[in-house]
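In: Quick one, structure for this:
(2 chains)
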Amino acid sequence: MENSSDEYRIQSFDLDTQMLLKTALKDPSSVNLDKVSNIIVDQSLKDPVFSKEAGRICYTIVQVHNAETKQGNGNVFRRNLLNRLQQEFKDREETRGRSLQEWVCYVTFICNIFDYLKVNNMPMVALVHPVYDCLMRLAQPDALMNEEEVDCLVLQLHRIGEQLEKVNSQRMDELFFLLRDGFLLQEGLTSMSRLLLLEILEFRAGGWLLSSTAHKYYYSEIAD
Amino acid sequence: MSDWIRDNRRDTLSREHNKRSTSLSRWSNCRKRGIDGSLRAKRDTDGSDMVNNGHADGSYRKSHNRHASFTTPESTGPVSSFIRQADWGSQVEDDEMRRDVHRDVQRYRRRILGPEVTQRERKTSSGSSGSCDSREGETMETDEAVLLRRQKQINYGKNTLAYDRYISEVPKHMRQPGVHPKTPNKFRKYSRRSWDQQIKLWKVKLHAWDPPAKNAQDKGLNNIEELGLDDVMEVELDFPTLSDSKDTTATNSLSLEGEDCLGTPVKIQKTEPTAEPACYS
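Out: Model (predicted):
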């Protein structure tokens, strides 16, 4: 079932690239994995939908690759992927200045990778602070003015907030100081942004769960 | 109020926010806890800032500590310091290897010493050289840095086509000591020199399973780069069948001295140039 939706996402590439990715998913050591990781990063920065899916594709490639080589250490793909992410991380402020969408895609992508790629079933330590840095950036007053960024921030917290807090609760506290401040004090927030912020505040306060009444409050109108 | 927002926006966008001494007033001027604003002085939206320049000194130290203790939950070896500046790919790999080594240590103890001794008694033995005999209880290597270095060397050897071919062509029960390559035991106490020599001899033996040259160039480029394959091949003919490598600190061992944590082994001095043509034949 995973494969089918992976292939679905791959449709947006040109034919050669589709072939390359398909091969990478089945037999990673037979392709140029540097190239594959670059393609995945590039596409993630362009395509908001893909940036949410890319983690799983990367996960599959890493798993298959590890199984093939029988050890995780020579993992070219992961190394290259992470180093690409790091490069983009360094340039994130320029990226944000240039294109909000690309910036939001980047955050979505790095969080997705954080979510999917694990080291011995534990989150990758190297990504913890970068991910926090991105989320903190989204929680700054100027970013809170953009619904797009608030939406991204909240979505990421829904997905990986709990894991992040487990590995570093202090920074989560700091992040939520910003979110409370933004919710309470910042002028000019749209009501949608306020709603999203309030929801995530409640979500974390409830132990990364929304009570059924809260859920009803936030989602019943959408269902209508 | 709007001043406040604009102020902040400028503040956030400017990379050199520490020129202005806004860090205290930034949020606290609108807060009930504003009077002792030092509570909220901290601000690190930007990871690189954290590293490059101190903010209010307290906050810098705080975040730094947090990072260090987080990176190495179980021990604070010399490893954490070089991890700080490595690229993410290497950081994750080091992290992975450290966890693997810790797991191996536990397994090895269980296997060798029985379950009752598994409690941590590290630090009892330092990583210095010395006895290399087989009573594992006393002579087990527990220094994390040493184990990691050794694991890395072993990984380089195993991450080769030759190794893959070897383990698939020679099943475990067919392997004979002295004839077939045997991975050095990283948990035994050996001197640095002895260990490096064992690794080298092991790699040399593994090269007997190198794929035909053409093939190697197609598929194994990465592996070859990492291992510095031709370097090792030059010495191949020097040690055809050495069974117990422990005390053979012969000709080339010195040249490996600087290898420890680097990707590629140092060039081995050519002791016998005549061996070279044999490489790809």
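
In: is the helix or strand residue A:200 falls within anywhere near chain B?
Out: Per DSSP states H and E: residue A:200 is located in helix A:191-205. No. Helix A:191-205 stays clear of chain B (C-beta under 8 Å from any C-beta of the partner chain), getting no nearer than 13.8 Å. To be clear about C-beta, it is placed using only N, CA and C from the backbone, and glycine gets the same treatment.

In: can you give me phi and psi for residue B:180?
Out: Main-chain dihedrals, residue B:180, degrees, to the nearest 10: phi -100, psi 150.

In: For it, which non-adjacent residue is spatially closest?
Out: Once flanking residues are discounted, residue B:180 sits nearest to residue B:170: 6.0 Å by C-beta to C-beta, 6 or more residues apart in numbering or on different chains.

In: Quick one: list the elements packing against the helix or strand just after the helix holding residue A:200.
Out: Where DSSP H and E defines the elements, the next helix or strand beyond helix A:191-205 is helix A:212-223. In terms of contacts (3 or more C-beta pairs under 8 Å, 6 or more residues apart in numbering or on different chains; DSSP states H and E), helix A:212-223 is packed against helix A:191-205.

In: How far away from the center of its chain is the helix it packs on?
Out: With C-alpha atoms, centre = their mean, to the nearest Å as the basis, helix A:191-205 stands 19 Å off its chain's centre.

In: now what about it, what contacts it?
Out: With contact meaning C-beta atoms under 8 Å, 6 or more residues apart in numbering or on different chains, helix A:191-205 is reached by A:144-145, A:147, A:150-151, A:153-154, A:157-158, A:161, A:165, A:172, A:176, A:179-180, A:182-183, A:189, A:209-211, A:214, A:218.

In: Also stretch A:113-131?
Out: A:54-56, A:58-59, A:62, A:78, A:81-82, A:85-86, A:89, A:110-111, A:159-160, A:163-164, A:167-168, A:171, B:47, B:67, B:70-71, B:88, B:91-92, B:95-96, B:99-100, B:103.

In: Kindly report the same for stretch A:147-166.
Out: With C-beta under 8 Å, 6+ apart as the test, stretch A:147-166 has contacts from A:100-101, A:103-104, A:107-108, A:111-112, A:114-115, A:123, A:128, A:131-132, A:135, A:138-139, A:143-144, A:171-172, A:190, A:192-193, A:196-197, A:199-200, A:203-204, A:208.

In: What is the neighbour count of residue A:53?
Out: 22 (other C-beta atoms under 10 Å in any protein chain shown).

In: Ok, residue A:102 next?
Out: When neighbours are defined as other C-beta under 10 Å, residue A:102 has 17 of them.

In: quick one: contacts for it?
Out: By C-beta under 8 Å, 6+ apart, the contact set of residue A:102 is A:45-46, A:95.

In: again, only using 7 Å
Out: Going by C-beta atoms under 7 Å, 6 or more residues apart in numbering or on different chains, residue A:102 touches A:45, A:95.

In: ok, back up a step: out of the contacts of stretch A:147-166, which end up buried?
Out: Among these, those scoring as buried are A:103-104, A:107-108, A:111-112, A:114-115, A:123, A:128, A:131-132, A:135, A:138-139, A:143-144, A:171-172, A:193, A:196-197, A:199-200, A:203-204 (criterion: 16 or more other C-beta atoms under 10 Å in any protein chain shown).

In: if I look at the residue nearest the centre of chain A, how far off is residue A:197?
Out: Centroid-nearest residue in chain A, with C-alpha atoms, centre = their mean: residue A:111, separated by 2.5 Å. Distance of residue A:111 to residue A:197, computed by C-beta to C-beta, to the nearest Å: 18 Å.

In: and if you look at residue B:91?
Out: Per C-beta to C-beta, residue B:91 is found 32 Å from residue A:197.

In: for residue B:142, same thing?
Out: Applying C-beta to C-beta, the value for residue B:142 to residue A:197 is 50 Å.

In: Quick check: residue A:96 vs residue B:164, distance?
Out: Residue A:96 is 45 Å from residue B:164, by C-beta to C-beta.

In: Those two - which one has more neighbours?
Out: More crowded of residue A:96 and residue B:164, by other C-beta under 10 Å: residue A:96, with 22 against 18.

In: How is that one assigned, secondary-structure-wise?
Out: Assigned with DSSP: H, G, I helix; E, B strand; the rest coil, residue A:96 falls in the helix class.

In: ok now do it, which residues does it touch?
Out: Listed by C-beta under 7 Å, 6+ apart, the contact partners of residue A:96 are residue A:103.

In: Can you report phi and psi for residue A:138?
Out: When read as degrees, to the nearest 10, the backbone of residue A:138 gives phi -70, psi -20.

In: residues contacting it?
Out: A:107, A:149, A:152-153.

In: who wins for neighbours among these?
Out: residue A:153 leads the contacts of residue A:138 on contacts (other C-beta under 10 Å) with 29 neighbours.
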